[in-house]
Each structure stands twice: as C-alpha cells, then as structure tokens.
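Q: Sequence first, predicted model second:
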Amino acid sequence: MKKVPLTDVRLYTQGSHKEKAEFIQKFGRAIQEFGFVIIEGHNISEQVINNTYSAIEKLFSLPIETKLKYVDNSIIGQRGYVNFGIERAKNNTIGDLKEFWHIGREHFLNSKLKVEYTKNIWPDNDLPNFKQFTLDLYCKLDQLSQVLLSALSEYLNLPKYTLPQMAMDGNSILRALHYPPLNKEQYHSGAIRAAAHEDINLLTILCETKESGLEILTRNGKWLQIESHPGQMIVDSGDMLSRVTNNIIPSTTHRVVNPIDSRNTSRYSLPFFVHAYEKCELNVLENCKSPSKPNLFPPILANEFLLQRLRENGLVKT
Ligand SMILES: O=C(O)CCC(=O)C(=O)O
Ligand SMILES: [Fe+2]
C-alpha cells in the first residue's frame with residue numbers, strides 16, 4: 001500500500017450489515033497494516049473545526065508573557081500552555097519547534113465512572129470563546145473515538161464495547177499545536193517541528209490541517225507525506241493500543257517536518273489523544289494472547305504508563 005487508506009465512518013454508523021462489516025475490515029486492516037487511516041463522514045462540522053482553529057490562532061498570537069500566565073508546572077504540561085523547546089521525542093535531546101495547549105476532560109459520558117482529572121486552565125480573560133469552542137470539539141471527538149474503538153474491537157473479534165469501555169471517560173486530551181515559521185538558525189539547528197515519535201495513547205484522531213508536514217513511517221520503513229482535506233480526519237495507533245493488543249496493532253511512528261523556504265508559514269494542528277481512564281489496567285486483551293507468542297508487555301495502570309512516557313518526553317523531570 002503506497003497511499004494511506006481512506007474510509008467512511010457512515011458505513012459503520014448508518015450502513016447495512018454488509019457495509020458495517022466492510023468498514024470494520026477496512027478500518028482495522030488499515031490501522032494494523034498501515035498505521036494510519038483517513039476517515040470521512042465523521043459528522044463533525046467544518047464550523048466546529050474552524051471555530052477552534054480561529055480560537056487557537058488567536059491564542060498563540062498572544063504575547064508570550066500572557067501565554068506564560070497559563071503554565072502550571074505542577075501538572076507537567078497536562079493542561080494549559082506548554083512553551084517552545086519543552087517536549088521532545090523519546091530518545092531525542094533536541095526540543096521540538098512547537099508550542100501547544102492541552103485541554104482535558106470536563107464532561108463525563110458515564111457519571112458512575114466519574115473520576116477527578118486535573119482541572120483545565122482557561123484563558124477566559126484574554127479569549128472568552130476559547131473554552132466553548134475547544135470543549136465542543138473535545139466532546140465530539142470523544143464520541144467519535146467511541147465509535148472507532150467499537151469498530152476496532154469488532155475487528156479483533158472482541159465484544160464491541162471492549163475498547164470503548166477502556167476509553168470511556170478516559171484521560172483523553174485535545175492538543176492545540178502551533179509550529180511558527182522558522183528562522184535561519186532553526187533551519188540549521190537540526191531541530192524539527194516534531195521529531196519522529198509514537199503517541200502514548202490508544203488512538204489519535206487528527207483534525208484536518210491547512211499546512212502539510214505530517215509524515216508517517218510506513219510498516220516497511222519508508223517516510224510518507226500525509227495530507228487530510230476538508231471533511232477528513234486522520235487516525236493512528238498509539239503505544240497503549242500496541243500494549244493491549246500484544247503488538248498485533250503496533251503504534252505508528254510519525255513526525256512533522258520543517259517547511260520548505262517558500263512555505264515557511266505557521267502550521268496549526270489539532271490532534272485528539274484518546275486515552276484509557278487513569279486506573280484502567282493495560283492488560284493484553286483475550287483475543288490477542290497466543291500460546292506461541294509470549295506477552296510482550298507486563299500489565300501497567302494507564303496513569304503509570306502515561307507518567308513513564310511523559311518522563312521520556314521531557315515533560316516530567318526525573
Ligand atoms: O501536528 C501534527 O500534525 C501531528 C502532531 C503530533 O504528532 C503530536 O503532537 O503528537
Ligand atoms: Fe504524534
């Protein structure tokens with residue numbers, strides 16, 4: 001496969017029995033064999049996405065002193081603003097050329113499971129609409145993730161609630177990202193917008209972007225540019241999914257490369273990291289165990305795994 005597979009979520013949400021089965025296979029195989037899949041028919045309107053993009057463009061254009069008011073070091077970059085140079089890919093010593101803002105869960109789908117997550121930080125005094133727009137997108141992506149995880153459970157021949165249950169009211173994060181234009185020094189520093197890495201979580205859903213730069217490392221070791229057009233989103237697998245599937249679905253390596261000179265403009269992006277709930281034990285799922293293949297990963301609580309990976313990414317100091 002040279003092109004990232006594309007499929008339509010409506011086959012699963014509104015389709016006949018046959019169409020549902022078609023989606024399950026196409027989506028599951030794409031994630032398993034390719035690592036990335038483009039989806040359409042996700043039912044999140046252009047307006048919701050564009051409102052959020054306008055809000056984050058305004059946010060990142062605030063003076064640095066204002067943005068720094070929204071840093072809380074005690075919560076290790078899990079909410080609010082994270083400045084340039086802080087996050088780096090695992091095993092990398094140079095920080096990425098990006099600033100970002102994290103939004104966590106405020107609404108719970110199942111009130112019985114309610115857990116206390118770190119409180120969000122809102123730039124209300126500087127940007128009154130930011131909270132409304134970003135939370136609206138968060139909730140819609142959260143619902144979409146439940147649908148995609150249900151299809152993926154069926155692909156693994158597991159009850160369809162298996163993966164959705166892990167992510168239900170999970171510690172998922174919407175990341176608003178800004179990669180500013182590069183100066184000459186940065187072009188030569190060896191740093192890139194986002195160095196090659198795997199995401200920590202179960203799945204990542206990336207909203208469409210206006211500027212290119214995202215590349216994936218295909219399972220046969222070649223870098224491939226990936227674009228999403230209006231109405232499309234990109235989905236990829238993370239480390240938590242790799243753990244619970246005993247690497248049947250490996251996490252996908254990806255990066256964001258620097259722009260060529262003639263397109264040296266800001267790039268904004270909105271990935272949604274679908275996490276398990278904090279106390280979820282990341283055990284290998286029943287159908288992914290096999291007598292001939294030992295379990296590659298010992299069980300670990302989702303929150304402990306997250307902390308371990310944040311340390312590797314430079315967000316937690318050891
Ligand atoms: O900006 C992008 O398109 C991808 C960002 C990403 O991979 C990340 O933040 O983990
Ligand atoms: Fe990523």
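A: Done, it's in. Numbering: from 1, shown residues only. Ligands and ions are numbered 1, 2, ... in the order given.

Q: which residues touch stretch 283-298?
A: Here stretch 283-298 makes contact (C-beta atoms under 8 Å, 6 or more residues apart in numbering) with 156, 157, 158, 162, 243, 244, 245, 246, 247, 248, 282, 299. Where you see a C-beta, it was placed from the backbone N, CA and C, and this is true even at glycine.

Q: ok, 10 Å please
A: The contact list for stretch 283-298, computed with C-beta atoms under 10 Å, 6 or more residues apart in numbering, reads 153, 156-159, 162-163, 166, 239-249, 282, 299-300, 305.

Q: Please apply the same query to stretch 212-228.
A: Identification of contacts with stretch 212-228 by C-beta under 10 Å, 6+ apart yields 1-4, 6, 32-36, 38-40, 179, 192-194, 196, 198, 206-209, 211, 234, 236, 250, 252-260, 263, 267, 269, 271.

Q: That one and ligand 1 in contact?
A: Yes - interface with ligand 1: stretch 212-228 contributes residue 214 (C-beta under 6 Å from any ligand atom).

Q: Just the endpoints, please. Distance across that stretch?
A: One end of stretch 212-228 to the other measures 9 Å (C-alpha to C-alpha, to the nearest Å).

Q: Quick check: mean pLDDT of that stretch?
A: Averaged over stretch 212-228, pLDDT sits at 91.

Q: what comes up buried for it?
A: Across stretch 212-228, burial judged by 16 or more other C-beta atoms under 10 Å covers 212, 213, 214, 215, 216, 217, 218, 224, 226, 228.

Q: in the stretch 101-250 of the chain, which spans are strands?
A: Using DSSP state E, counting those that start in this stretch, the strands of the stretch 101-250 of the chain run over 173-179, 194-197, 203-206, 214-217, 223-225, 233-237.

Q: any chance of these in CSV, with distance to residue 125 too?
A: Rendered in CSV, the data for the strands of the stretch 101-250 of the chain read as follows (distance: least, C-beta to C-beta, whole Å):
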stretch, distance to residue 125
strand 173-179, 18
strand 194-197, 30
strand 203-206, 30
strand 214-217, 33
strand 223-225, 40
strand 233-237, 32
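
Q: Just tell me which of those strands ends up closest to residue 311.
A: Within these, the stretch nearest residue 311 is strand 194-197; the backing value is 14.2 Å (C-beta to C-beta).

Q: and the closest one, which strands flank it?
A: Strand 194-197 sits in its sheet next to strand 254-256 (antiparallel), going by DSSP bridges.

Q: List the contacts of the partner strand.
A: Strand 254-256 has contacts (C-beta under 10 Å, 6+ apart) with 35-36, 89, 96-98, 177, 179, 192-199, 204, 206, 209, 211-217, 223-224, 226, 234, 236, 267, 269.

Q: Give me the buried entries from those.
A: 35-36, 89, 96-98, 177, 179, 192-199, 204, 206, 209, 212-217, 224, 226, 234, 236, 267, 269.

Q: Residue of the protein nearest ligand 1, please.
A: Closest contact between the chain and ligand 1, by C-beta to the nearest ligand atom, is at residue 269 (3.4 Å).

Q: So which bits of this structure are right by ligand 1?
A: 175, 177, 194, 199, 206, 209, 214, 254, 256, 269, 271.

Q: which two in the residues you listed are spaced the farthest apart?
A: Top of the distance list for the residues of the chain next to ligand 1 (C-beta to C-beta): 199 and 209, 16.2 Å.
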